[in-house]
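**Q** Starting from these lines, generate the structure:
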Amino acid sequence: MNPMPEAHLAGELTIRPYAPADWPAICRIHDAARVQELAAGGVDRRAFRPMTEAAIADGFFDSETVVAQLGERVEGFVAWNGAYVSWLYVNPSAQRHGIGRRLLVHALQKIGRQAWTNMLVGNNRALTLYRQVGFEVVWERNSLCDGFPCVAMRLALPTSRMRDPSVRREPRTT
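**A** The predicted model follows:
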């Protein structure tokens with residue numbers, strides 16, 4: 001499938017709440033894009049967990065989620081828990097056409113000025129996107145990704161309490 005130009009996507013793309021019928025698409029998108037994300041971050045491929053495993057452990061069902069639908073096909077999703085942007089993935093065949101930006105901007109309109117996230121160092125496409133909408137790098141540190149070494153970073157809006165490197169994440173809300 002050849003990706004279409006952003007201008008064409010913009011007219012046909014719908015952002016809507018996640019529905020249980022979207023689950024197969026969420027799994028398809030996550031699993032393809034997560035492999036890409038781990039590779040960009042230089043993380044051992046054995047750190048990969050399919051969405052069917054990651055969702056419960058990482059709080060997907062505790063998050064508010066919206067999907068980006070192009071025609072009849074879900075091509076991306078973003079989820080947040082409180083002010084934390086917990087998931088943002090776009091189908092690799094539909095990347096670099098504004099879907100991730102539209103999802104992130106939608107989430108920020110819901111979250112507000114306290115938004116923040118964590119990501120892998122080396123995922124430069126994601127870092128560029130977050131910076132373009134106002135996030136700043138708070139810290140980088142050695143960490144583990146499902147038991148495998150990685151370098152993680154926290155990003156936050158300048159108005160977020162999480163902009164302070166010493167502030168810890170609040171417990172998840174439901």
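
**Q** quick one, phi/psi of the most centrally placed residue in the chain?
**A** What sits nearest the mean C-alpha location of the chain, by C-alpha atoms, centre = their mean, is residue 88, with 1.8 Å. Torsion angles at residue 88 (phi, psi; degrees, to the nearest 10) stand at phi -150, psi 110.

**Q** so what's it closest to, chain neighbours aside?
**A** residue 78 (4.7 Å; C-beta to C-beta, 6 or more residues apart in numbering). Any C-beta I mention is one placed from the backbone N, CA and C, and that applies to glycine too.

**Q** Then that neighbour would be within a strand, right?
**A** Yes. When classified by DSSP: H, G, I helix; E, B strand; the rest coil, residue 78 is found to be part of a strand.

**Q** dump the residue contacts of it.
**A** Residues in contact with residue 78, defined by C-beta atoms under 8 Å, 6 or more residues apart in numbering, are 65, 66, 85, 87, 88, 103, 104, 106, 107.

**Q** Now the element after the helix or strand of the chain with the lowest mean pLDDT, going C-ward?
**A** For the chain, counting by mean pLDDT, DSSP states H and E, helix 6-12 ranks last in confidence among helices and strands (a mean of 52). Remark: after helix 6-12, the chain's next helix or strand is strand 13-17, criterion DSSP states H and E.

**Q** tell me which strands and helices the following helix or strand past that following strand is in contact with?
**A** Later in the chain than strand 13-17, the nearest helix or strand by DSSP H and E is helix 23-40. Contact partners of helix 23-40 among helices and strands, from 3 or more C-beta pairs under 8 Å, 6 or more residues apart in numbering; DSSP states H and E: helix 51-57, strand 64-70, strand 73-81, strand 84-90, strand 116-120, helix 124-132.

**Q** where in this protein is pLDDT low?
**A** Scanning the chain for pLDDT under 70 picks out 1-11, 170-174.

**Q** Pull up the gap between the residue nearest to the centre of the chain and residue 33, please.
**A** 9 Å (C-beta to C-beta, to the nearest Å).

**Q** what residues are up against the closest residue in space to residue 31 that isn't next to it in sequence?
**A** Distance criterion C-beta to C-beta, 6+ apart; nearest residue to residue 31, sequence neighbours excluded, is residue 50 at 5.3 Å. Contact analysis of residue 50 by C-beta under 8 Å, 6+ apart lists 27, 30, 31.

**Q** Touching, the second one and residue 52? I think so.
**A** No. In terms of C-beta atoms under 8 Å, residue 30 does not count as a neighbour of residue 52; the distance is 9.4 Å.

**Q** okay, those two: which has more neighbours?
**A** Higher neighbour count among residue 30 and residue 52: residue 30, with 22 against 12, using other C-beta atoms under 10 Å.
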